[in-house]
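**Student:** How does the following fold in three dimensions:
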Amino acid sequence: MPMPIRATVLFAAVLAALPARAQFLGFGFESNIELTKRDLEIIRTAVNGQIHGKPVGANTSWSNPESGNFGKIKLLKKFTNDGRHCETVGYTLATKRMAVSPEHFMLSSCLQPDGRWLIM
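**Tutor:** Take a look at the predicted model:
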């Protein structure tokens, strides 16, 4: 069974298009919900396929029956920064494994010339 990964890593793995191996990048986010590598893969696929590049308000849900984790993702805003296309995405994380409230995060990322989205 994959080792749990703190939600802090979610944003680095999803938006910065890092390899599936999790790393702590110091974004300062803390969560009571632990995400598995498979959770991160599901979220990354949802963001890249159903959120990035779509109209503001685009949203999707994700779930992983194996981990009991699930959530929603929504494109909140589009803007430019130094001539780059940027987006603010909202994330809601929840779990069936323990009694914790859903957690909400917002992050902005910008499209790089090589096609990767990097957190601002």
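**Student:** Now do the helices in the protein.
**Tutor:** Secondary structure of the chain (DSSP state H): helices at 8-15, 37-50.
**Student:** Mind telling me which of the ones you listed the model trusts least?
**Tutor:** Summarising mean pLDDT across the helices of the chain, the least confident stretch is helix 8-15, with a mean of 45.
**Student:** for this structure, which spans come out with low pLDDT?
**Tutor:** 1-30 (pLDDT under 70).
**Student:** what ranges do the strands span in it?
**Tutor:** With DSSP state E applied, the chain shows strands at 5-6, 34-35, 59-64, 69-81, 84-95, 103-111, 117-119, listed in chain order.
**Student:** Quick check: which of these is buried the most?
**Tutor:** Per-residue neighbour counts averaged over each of these give the maximum for strand 34-35, namely a mean of 22 (mean count of other C-beta atoms under 10 Å). Glycine gets a C-beta too; all of them are placed from N, C-alpha and C.
**Student:** neighbouring strands for that strand, and are they parallel or not?
**Tutor:** Using DSSP bridges, the strands paired with strand 34-35 are strand 5-6 (antiparallel).
**Student:** Residue 43 contacts residue 63, correct?
**Tutor:** No. In this structure, residue 43 is not within contact of residue 63 by C-beta atoms under 8 Å, at 10.4 Å.
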